[in-house]
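In: fold the following, please.
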Amino acid sequence: MDLERKFLDVKAEDINDEGEFFGYASIYGNEDLGGDIIVKGAFTKTLEQRKGEVPMLWQHDMKVPIGKFLLEDDEKGLRAFGKINLKTEKGREAHALLKNGDIKGLSIGYRANDFEYDKDGWTRTLKELDLFEVSVVTFPMNTEANVDLATVKANEEDKVKQEQAKKEQEQKHQEEQTLVEINAKLNELILAEYLRNFN
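Out: Numbers count the residues shown, from 1 in each chain. All right, here's what the predicted structure looks like:
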């Protein structure tokens, strides 16, 4: 059976300089432009088999991997953390295009193992999918899936706060160490003075 593809809209103008971003590779319960609805639990088996990780490809080209996605289920859908490999030529190109908003699409490559059509034969409910890859692509289909820019920004702010807290902790430790050394020196002087007077 050939792989199917499902496109997802990505608003990644604020993708960070390391090529990292969060988003959803699939939204549960949402009928996309192809008439498909993915239900919660459809990725459970494939996530277990692939240990929550799939390759990131450029335009579904198996010969051009540009990074990887770490995936997990939540109530909304299949949440993805993307990491573009900026050491690759196409990775740098994809990063620049996403960051500039020139392309805004992700697309999953999958095989439908269990599904059913409704009575009109148009809407298909996908119950179990075998996910093989997620690609950076030009044209999106599922307009409700997007990169969580707030999370990207929050992570960047957390990094800054953590670095600041680390610096403050190091400074506090240095000050405490200095006080210990000063107190030790004073105690030595007091003891020397006491011994001199005693003698």
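
In: show me what the residue nearest the centre of the chain is bridged to.
Out: Nearest to the geometric centre of the chain sits Phe81, at 2.1 Å (CA atoms, centre = their mean). For Phe81, the beta-bridge partners under DSSP bridges are Phe22, Leu70.

In: now do Met56
Out: In beta-bridge terms (that is, DSSP bridges), Met56 pairs with Gly67, Val134.

In: so it makes contact with Leu70?
Out: No - taking contacts as CB atoms under 8 Å, Met56 lies outside contact range of Leu70: 10.3 Å. Yep, even glycine has a C-beta here, placed from its N, CA and C like the rest.

In: what sits closest to Thr125 if chain neighbours are left out?
Out: Ile37 (5.1 Å; CB to CB, 6 or more residues apart in numbering).

In: what sits against that neighbour?
Out: Ile37 is in contact with 29-31, 123-126, counting by CB atoms under 8 Å, 6 or more residues apart in numbering.

In: what secondary structure does it sit in?
Out: Following DSSP: H, G, I helix; E, B strand; the rest coil, Ile37 is assigned to strand.

In: low pLDDT regions in this structure?
Out: Low-confidence segments of the chain (pLDDT under 70): 1-2, 6-14, 139-161, 191, 193-199.

In: show me it divided up by domain.
Out: 4-147, 149-199 (automatic domain parsing).

In: and among these, the most buried is which?
Out: Mean neighbour count (mean count of other CB atoms under 10 Å) peaks for domain 4-147 among these, with a mean of 18.

In: what do Met56 and Leu70 both touch?
Out: What both Met56 and Leu70 touch, as defined by CB under 8 Å, 6+ apart, is the set Lys83.

In: which stretches in the protein count as helices?
Out: 44-50, 89-100, 149-198 (DSSP state H).

In: put the alpha carbons of the shortest one into CSV.
Out: Coordinates of the C-alpha atoms in helix 44-50 are reproduced here as CSV (Å, rounded to 0.1, in the frame of the first residue of the first chain):
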residue,chain,number,x,y,z
THR,A,44,-0.7,5.2,19.8
LYS,A,45,0.8,2.0,18.3
THR,A,46,3.1,3.7,15.8
LEU,A,47,4.5,6.0,18.6
GLU,A,48,5.3,2.9,20.6
GLN,A,49,7.0,1.2,17.7
ARG,A,50,9.0,4.3,16.7
